[in-house]
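Enquirer: Next input, structure requested:
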Amino acid sequence: MQVFGLVGNPVGHSLSPPMHEAAYEVHDMNARYVTFEPDPAELETAIDGADALGISGLNVTIPFKQDVLSLVDPDEMAARIGAVNTIDFSGDQPTGHNTDAEGARRALEEQGDATLAGATAVVVGAGGAGRAIAFALADAGSTVHIVNRTVERATSLAAEVPEASGYGLDALPELVPDADVLVNATSVGMEEDVSPVPADTLHENLVVLDAVYKPLETRLLRDAAECGATTVDGAWMLLYQGAIAFELWIGRDAPIDEMNEALRTRLRSDR
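Expert: Presented below is the predicted three-dimensional model:
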C-alpha cells in the first residue's frame, strides 16, 4: 500500500484526506492519505522518518512550508517562492515543490475564465499564499500590485516578483477600479463577515478569487457578485493545488470532478 499525507501543526481541520482518497478510489489504487502533526522542533526528524518509512509523498502546511525548504531539494518555483507545500520521495532525495502557485493560476483561468497575460492584478496579502499567487500571476504575464497591511512587507515581496509593485491597504481605492484580476490572499473574511476590499471599488469586469474557503461565499465574493464581477471561491485553489500534487506523485491525471465533489461534500458537512 502506498501512503501519502499531510504534515502540519495543527492538521485536524484538513480537507485534503477526502479529496485525495477520492482520487485513489477512481484510479483503483491501494493507497491512503493520512495526517501528521509533529512538534515543530522535530520537523527534520519527521521528514527523515517519512523517507525512511517509504512514504510516497507529503503535502506541507502551516507552519512548516518555509522551514521544510532546507530539508529537501526544491524545484525552481519552490525556491523562488521560498516555500514548499509538496514533497516527493520517489528519487534519491526528497524533492520540494510548490503547487499553490499553479493551483491559483488554474483556478483563475479555468473557473474564472481569466486571461492573465497582459492583465493587471491586485493581490491583497504578502504572506505565504500571497507570495505564491504573486509569482504565479507574474509568470503568466500579469502586472502585479501587491497590497498589504504592512506596506514594507508588500514592497519587499514586490522587489522579488517580476513586474510587481507594493502598496499599503490605502491604495486599494486607486488600484482596484483599473484591475482585471483581484485576489484576496489573507484570512480576512474567515472568522468575520467582513471584506479586505471596499465594495465600491469593485466592478463588473473583475475576476475575483478569494483564497478563503471557509466560508465558501465570503463577504468579498458576495460584494463582487452583486456588481457583476466573476467570482472564484477558495475551494477551487485548494482543489487544483491538491490535484497537481496528485499528478506529481502518481503520474496520472487527477480526477478533478470526483476530487471536487469530495471536497465540497466535506465543506458542506463542516458548516
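Enquirer: Tell me how many other residues crowd Ala22.
Expert: Under the neighbour criterion other Cβ atoms under 10 Å, Ala22 is assigned a count of 21. In this view, the C-beta of every residue, glycine as well, is placed from N, C-alpha and C.
Enquirer: do the same with Glu163
Expert: Applying other Cβ under 10 Å, I find that Glu163 has 11 neighbouring residues.
Enquirer: ok, for it, nearest residue in space, not its chain neighbours?
Expert: Nearest residue to Glu163 in three dimensions, chain neighbours excluded: Thr143, at 5.1 Å (Cβ to Cβ, 6 or more residues apart in numbering).
Enquirer: now stretch 165-183: mean pLDDT?
Expert: For stretch 165-183, mean pLDDT is 98.
Enquirer: Hmm, I typed the wrong one, I wanted stretch 85-98.
Expert: For stretch 85-98, mean pLDDT rounds to 96.
Enquirer: Tell me how far it lies from the chain's centre.
Expert: Using Cα atoms, centre = their mean, to the nearest Å, we find the averaged C-alpha position of stretch 85-98 to lie 18 Å away from the chain's own average C-alpha position.
Enquirer: Do me a favour and get the end-to-end distance for that stretch?
Expert: Distance between the two ends of stretch 85-98: 5 Å, counting by Cα to Cα, to the nearest Å.
Enquirer: in it, what counts as buried?
Expert: For stretch 85-98, the buried set under the neighbour-count rule, 16 or more other Cβ atoms under 10 Å, comprises Asn85, Thr86, Ile87, Asp88, Phe89, Pro94, Thr95, Gly96, His97, Asn98.
Enquirer: Show me what that stretch is in contact with.
Expert: Outside stretch 85-98, the residues within contact range by Cβ atoms under 8 Å, 6 or more residues apart in numbering are 47, 50-51, 54-61, 65, 68-69, 71-75, 77-78, 81, 83-84, 99-100, 132, 241, 244-245, 248-249.
Enquirer: Okay, and which of those map to strands?
Expert: Using DSSP state E, the members of the contacts of stretch 85-98 that fall in strands are Gly57, Leu58, Asn59, Val60, Asp73, Pro74.
Enquirer: and which of those is nearest Ala262?
Expert: Minimum separation from Ala262 among those (Cβ to Cβ) is found for Asn59, which lies at 15.5 Å.
Enquirer: re the thing from before, want to throw the ones in strands among the contacts of stretch 85-98 into TSV with distance to Val26, pLDDT and neighbour count?
Expert: Output for the ones in strands among the contacts of stretch 85-98, formatted as TSV (distance: Cβ to Cβ, whole Å; pLDDT from 0 to 100; neighbours: other Cβ atoms under 10 Å):
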residue	distance to Val26	pLDDT	neighbour count
Gly57	17	98	25
Leu58	21	98	32
Asn59	19	97	27
Val60	24	96	26
Asp73	30	97	14
Pro74	30	97	22
